[in-house]
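In: coords below, sequence missing:
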Ligand code: ADP
Ligand code: F6P
């Protein structure tokens with residue numbers, strides 16, 4: 001087995017399968033932010049990415065992608081149902097997002113979570129060279145740091161949680177709360193999106209495990225585990241470059257024309273997820289039309305909502321409700337050739353997304369709770385001429401970094417309507433000042449800065465970072 005000095009461990013591999021021109025299945029690097037962040041580093045060091053390739057059954061043998069080894073972990077149909085759809089996405093996901101939907105607890109799901117985490121830990125132990133740095137990602141794999149430390153105490157282990165970490169009163173519901181906390185404490189560094197999450201974690205460790213903990217350090221067994229906030233970001237330069245491409249500008253102009261050349265376009269881009277506040281947003285928009293504050297001829301809403309986790313019951317119910325509401329609003333307020341809402345469920349390539357961001361006068365990002373929300377950051381990065389308004393939920397991690405956005409509480413329907421109107425009516429000077437400040441922030445705090453700050457905290461020897469700088 002070939003071994004690497006850097007191993008990234010995530011539920012999904014950073015690749016997509018697509019059809020080659022000859023009809024064969026071809027694997028390509030997927031465009032996700034984490035991949036772009038780590039790619040320069042991974043290319044300059046013998047690196048392996050451990051993850052699931054999607055689907056069930058035996059793990060496909062995958063070729064290296066841009067010099068990075070792909071090490072596949074197989075999931076059976078039972079693992080998919082009980083680990084991914086069950087414990088990860090019907091227990092932890094709702095619990096970590098303020099319980100906006102009811103988390104479900106099933107012993108069979110917990111067994112699958114342990115089993116799959118063990119498999120990921122063993123796969124990682126196989127591919128990590130002595131003393132390697134291992135970076136474990138997200139809520140699907142919270143037990144991996146602890147399991148891996150038992151197998152390979154020589155490794156430097158990091159863990160980063162991309163989603164919110166809930167306050168103690170919610171986390172305390174979890175039947176296996178102590179095991180999950182102990183799993184995370186297997187890491188040398190536990191990273192969160194916001195300092196509030198690190199604080200919640202420290203409080204829980206003290207309460208549940210009876211271990212003294214501050215918001216920065218926890219002494220456990222004979223080790224010190226450091227904790228902290230490392231807000232994830234995007235490839236700002238890449239999105240800005242995409243948005244400035246002439247073909248993207250042409251596409252944006254065509255989109256505006258196809259939308260009926262309205263005075264203003266409101267855009268929302270979400271996974272179809274109950275955390276994203278889609279229903280509340282639709283209600284606010286339809287009430288603004290009903291109240292006469294918004295005229296469908298002048299202002300249209302484009303709602304992109306890509307189906308996600310489609311076999312999980314709560315996601316199926318949400319999709320039905322959203323589609324019923326879109327139908328109601330269009331039926332009530334649209335005219336022939338003039339729908340109030342343009343509703344799209346397709347995945348788009350990056351250039352099409354950039355064109356949509358360019359066309360949006362107001363970007364409405366109003367999740368009920370979100371670890372970060374990269375769409376908000378992508379929109380800002382794409383507004384290279386400093387126009388446009390970002391309407392942003394206070395409950396998205398991004399709000400802590402982008403205070404110049406129009407911040408709203410999505411649970412407050414009147415506040416949401418007022419925020420949307422303020423964003424629609426703002427003058428160019430105000431918008432320009434806000435957008436300039438947000439863009440400047442994202443140029444300083446891009447995905448590479450995120451990876452660098454996390455890895456420099458994890459790898460005190462500094463050798464990884466030297467390679468990252470050389471790669472820039
Ligand atoms: P989450 O991680 O909960 O899905 P984020 O907003 O943080 O939410 O990230 C979503 C990512 O998915 C962004 O990079 C965004 O560009 C991408 N995305 C969202 N909708 C689409 C779509 N229809 N087609 C392609 N990419 C999309
Ligand atoms: O933001 C949380 C997250 O799980 C990401 O890691 C992932 O890219 C996204 O949601 C989509 O989720 P899934 O991997 O379940 O399709």
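Out: Arrived safely. Computed from a predicted model, the values in this text were never measured in an experiment. Ligands and ions are numbered 1, 2, ... in the order given.

In: for the rest of this, base every contact and every neighbour count on C-alpha atoms.
Out: Fine.

In: enumerate the residues of the stretch 101-250 of the chain near ligand 2.
Out: Contact residues (C-alpha under 6 Å from any ligand atom) of the stretch 101-250 of the chain with ligand 2: 162, 163.

In: the stretch 101-250 of the chain: helices as residue ranges?
Out: Counting by DSSP state H, counting those that start in this stretch, one finds helices in the stretch 101-250 of the chain at the ranges 107-127, 144-151, 168-171, 177-184, 195-209, 236-244, 246-258.

In: near ligand 1, which residues of the stretch 351-472 of the chain?
Out: Near ligand 1, when you scan the stretch 351-472 of the chain using C-alpha under 6 Å from any ligand atom, you find 372, 373, 374, 375.

In: apply 8 Å and report the result again.
Out: Applying C-alpha under 8 Å from any ligand atom, we find that the stretch 351-472 of the chain lies next to ligand 1 at 353, 370, 371, 372, 373, 374, 375, 376, 378.

In: can you check the chain too?
Out: So the chain meets ligand 1 at 32-33, 234, 269-271, 273, 276, 304-306, 344-350, 353, 370-376, 378 (C-alpha under 8 Å from any ligand atom).

In: residue contacts, residue 329?
Out: Residue 329 makes contact with 286, 340, 341, according to C-alpha atoms under 8 Å, 6 or more residues apart in numbering.

In: in terms of contact, does residue 49 touch residue 8 like I think?
Out: Yes: assessed by C-alpha atoms under 8 Å, residue 49 is found in contact with residue 8 at 4.8 Å.

In: the more surrounded of those two?
Out: Taking other C-alpha atoms under 10 Å, residue 49 and residue 8 do not tie; residue 49 has more neighbours (26 against 22).

In: any idea how far the more buried one is from residue 460?
Out: Using C-alpha to C-alpha, to the nearest Å, residue 49 is found at 22 Å from residue 460.

In: which of the residues of the stretch 351-472 of the chain next to ligand 1 fall within helices?
Out: 353, 374, 375, 376, 378 (DSSP state H).

In: give me the contacts around the helix or strand where residue 390 lies.
Out: Following DSSP states H and E, one finds residue 390 within strand 389-393. Strand 389-393 is contacted by residues 361-368, 376, 379-380, 399, 405-410, 419-420, 423-424, 431, 435 when judged by C-alpha under 8 Å, 6+ apart.

In: tell me which helix or strand in the protein has the weakest average pLDDT.
Out: Taking mean pLDDT, DSSP states H and E as the measure, the chain has strand 25-29 as its least confident helix or strand, at a mean of 60.

In: quick check: angle from the next helix or strand after that strand to helix 236-244?
Out: Using DSSP H and E, the helix or strand that directly follows strand 25-29 along the chain is helix 33-43. Between helix 33-43 and helix 236-244, the angle comes out at 120 degrees (axes from the mean of the first three to the mean of the last three C-alpha atoms, to 10 degrees).

In: and helix 33-43, what does it pack onto?
Out: On a contact count with 3 or more C-alpha pairs under 8 Å, 6 or more residues apart in numbering; DSSP states H and E, helix 33-43 meets helix 447-458, helix 463-471.

In: same list (those helices) but as CSV, adding mean neighbour count.
Out: Below are these laid out as CSV (neighbours: other C-alpha atoms under 10 Å):
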stretch, mean neighbour count
helix 447-458, 21
helix 463-471, 16
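
In: the most far-flung residue of the chain relative to its centre and ligand 1: what is the separation?
Out: Distance from the centre of the chain peaks at residue 336, with 37.0 Å (C-alpha atoms, centre = their mean). Using C-alpha to the nearest ligand atom, to the nearest Å, residue 336 is found at 26 Å from ligand 1.

In: from residue 373, how far off is that residue?
Out: According to C-alpha to C-alpha, residue 336 and residue 373 sit 35 Å apart.

In: what's the answer for residue 268, then?
Out: Counting by C-alpha to C-alpha - residue 268 and residue 373 are separated by 12 Å.

In: so where do the strands sit in the stretch 251-400 of the chain?
Out: Under the criterion DSSP state E, counting those that start in this stretch, the stretch 251-400 of the chain carries strands at the ranges 264-271, 299-306, 341-344, 362-365, 389-393.

In: wait, which of those strands is closest to residue 194?
Out: Judged by C-alpha to C-alpha, the one of the strands of the stretch 251-400 of the chain that comes nearest to residue 194 is strand 389-393, at 15.0 Å.

In: now the angle from that closest one to strand 264-271?
Out: Using the same axes, to 10 degrees, strand 389-393 lies at 40 degrees relative to strand 264-271.

In: ok now strand 389-393, how far from the chain's centre?
Out: The chain centre lies 17 Å from the centre of strand 389-393; the measure is C-alpha atoms, centre = their mean, to the nearest Å.

In: ok, residues contacting the helix or strand following it?
Out: Using DSSP H and E, the next helix or strand after strand 389-393 towards the C-terminus is strand 406-408. Outside strand 406-408, the residues within contact range by C-alpha under 8 Å, 6+ apart are 366, 389-394, 399, 415-416, 419, 422-423.
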